[in-house]
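S.K.: Predicted model, plus sequence, below.
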Amino acid sequence: MDRDNVRPNYRVVVLGSAGVGKSSIISKFMHDRFLESHKETIEELHRHVMWFDSVSVEIDILDTSGSYQFPAMRKLAIATGDAFVLVYSVDNTSSFETVKILRDEIREQKPKGKYSIVVVANKVDLETFKDTSCAVTESVVCMDWEERFVIVSAKTGENVNEVFQALENKIRERITLEEKRLNFIRRRTMPVMRMAKSEKFSVGLLKSKSRTHSMDS
């Protein structure tokens, strides 16, 4: 990898109730491996590299606790996040209520337009799942909240990649803004450097002429 083409880290924070499959979605996306048993997560950071044309971006994926015993950690995770994956389980209606609360917390902490959200309905592989069961929540997320909504199965891998692809536009926007910022800095600093060199050259000529004139006299 050409390190010169690597852009600053882009942090994706995965939030949701305990047991909805946050860690399993990350594991399936990064390692194509499904976690059969549930293990309570406190906080785990994973690094992934995504390529956009010839530019790579290091993605930090933060897997957070589903427990509300750690409000300070959750607040810090939101503060440092660029994008948020809010996960609920289709067999647990209360877990979508948690998503609503988390979205409100993000909106309170983050400036408008400075983040992106993808809401994920997990465990669609369950026999009890029916497509119509997500219709209402999808309408709320897409129409009322104007956020992205993805139905996935961490177990089978269905649509897991789409969760992170849904963030692609925001990442591209960040790359574009970073390029504009760097170009602006270059435009501001390069004329100063040229002027400094020009002034140094002019001073040198004046000194030389001064010495020549004094010798003629």
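M.R.: Yep, that arrived.
S.K.: By mean pLDDT, flag the weakest helix or strand of this protein.
M.R.: helix 168-216 (a mean of 63; mean pLDDT, DSSP states H and E).
S.K.: Using the three-state scheme, assign residue 157.
M.R.: Following DSSP: H, G, I helix; E, B strand; the rest coil, we place residue 157 in the coil state.
S.K.: Contacts only, for the nearest residue to it once chain neighbours are set aside.
M.R.: Using C-beta to C-beta, 6 or more residues apart in numbering and skipping residues adjacent in sequence, the residue nearest residue 157 is residue 28, 5.4 Å away. Backbone N, C-alpha and C define where each C-beta goes, glycine included. By C-beta atoms under 8 Å, 6 or more residues apart in numbering, the contact list for residue 28 reads 34, 154, 155, 157, 160.
S.K.: The first one and residue 125, how far apart?
M.R.: Distance, residue 34 to residue 125, by C-beta to C-beta, to the nearest Å: 10 Å.
S.K.: Now the common contact residues for these two.
M.R.: Contact criterion C-beta under 8 Å, 6+ apart; residues shared by residue 34 and residue 125: residue 155.
S.K.: ok so, going back, out of the contacts of residue 28, who has the most neighbours?
M.R.: Neighbour tally across the contacts of residue 28 (other C-beta atoms under 10 Å): the maximum, 28 neighbours, falls on residue 154.
S.K.: Can you classify it as helix, strand or coil?
M.R.: Here residue 154 is recorded as coil under three-state DSSP.
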